[in-house]
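# show me how the following folds:
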Amino acid sequence: MISHRFVTIAAIFVTCLITANIIAVKLISLGSFILPAAIIIFPVSYIFGDILTEVYGYRQARRVIWLGFFCNLVFVIFAWVGQILPPAPFWEWQEAYESILGYTPRLLAASFCGYLAGEFANSFVLAKMKILTEGRWLWSRTIGSTIVGQGLDTSIFITLSFVGTPLFAPIMILYHWLAKTVIETIATPFTYAMVNFLKRKEAVDIYDYKTRFNPFLVSD
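Numbering: from 1, shown residues only. The predicted structure follows:
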């Protein structure tokens, strides 16, 4: 039976993902670094992805990753439908709507590919490291899986989005990757608290000894 705590974690994961895609259009300046506003929330989805895998195992995390993908797809489709519907004659913000929610096919493809590769790599690495470390050193799993997952996500997204354009610069990948990893590292005490709370309340601590890690086996 699926608990309300699991549903809550899954809902937060999906909400963070969709929110990140909405606010990513705004660029912010942090000193000499120019980053998308999503940098403040996208790593949170990885934190909750870590919690899902650590407590409930790779199989349940896999289901939530796909849930996030399809929820994001529904949002994108209806944002596009809203864009092409004729605006009311007195409504003056069509261009603003398009500039915020008018995703290009290239950016969408890059976002979806980066998300799937990064989240599944993150969950896989954490599950495998949990077995190798025999459940010890949670910090090493959360940070190690983030380095791999965020590295893949960032590299794929920025490369597919901007390669061949004047905006592409490999240093962008490094800045984004480091920022996301630092945020999750800072959040390690929160991750520890959530993991310990859920393991105690749910009386569950899954080790993926016999799990098949094919990301497409959603019914496994």
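# go through the host helix or strand of Ala61 and flag the buried ones.
Assigned by DSSP states H and E, Ala61 belongs to helix 58-84. Buried positions in helix 58-84, judged by neighbour count with 16 or more other CB atoms under 10 Å: 58-69, 71-72, 75-76, 79. C-beta: built from backbone N, CA, C; applies to glycine.
# next one: stretch 34-51
Buried residues in stretch 34-51, counted by 16+ other CB under 10 Å: 35-39, 41-51.
# now, these that are in strands?
Leu35, Pro36 (DSSP state E).
# okay, who's weakest in the buried residues of stretch 34-51 by pLDDT?
Across these, the bottom pLDDT score, 78, is held by Leu35.
# hmm, that residue is touching Ile23, no?
No - Leu35 lies out of contact with Ile23 (CB atoms under 8 Å); the separation is 11.6 Å.
# next SSE after the helix holding Ala61?
Going down the chain from helix 58-84, the next helix or strand is helix 94-101, by DSSP H and E.
# ok now that next one, how far from the chain's centre?
24 Å (CA atoms, centre = their mean, to the nearest Å).
# stretch 3-10 too?
Its chain's average C-alpha position is 17 Å from that of stretch 3-10, according to CA atoms, centre = their mean.
# who's in contact with it?
With CB atoms under 8 Å, 6 or more residues apart in numbering as the contact definition, stretch 3-10 has outside contacts at Phe48, Ile51, Leu52, Tyr56, Gln60, Val64, Leu67, Leu198, Lys201, Glu202.
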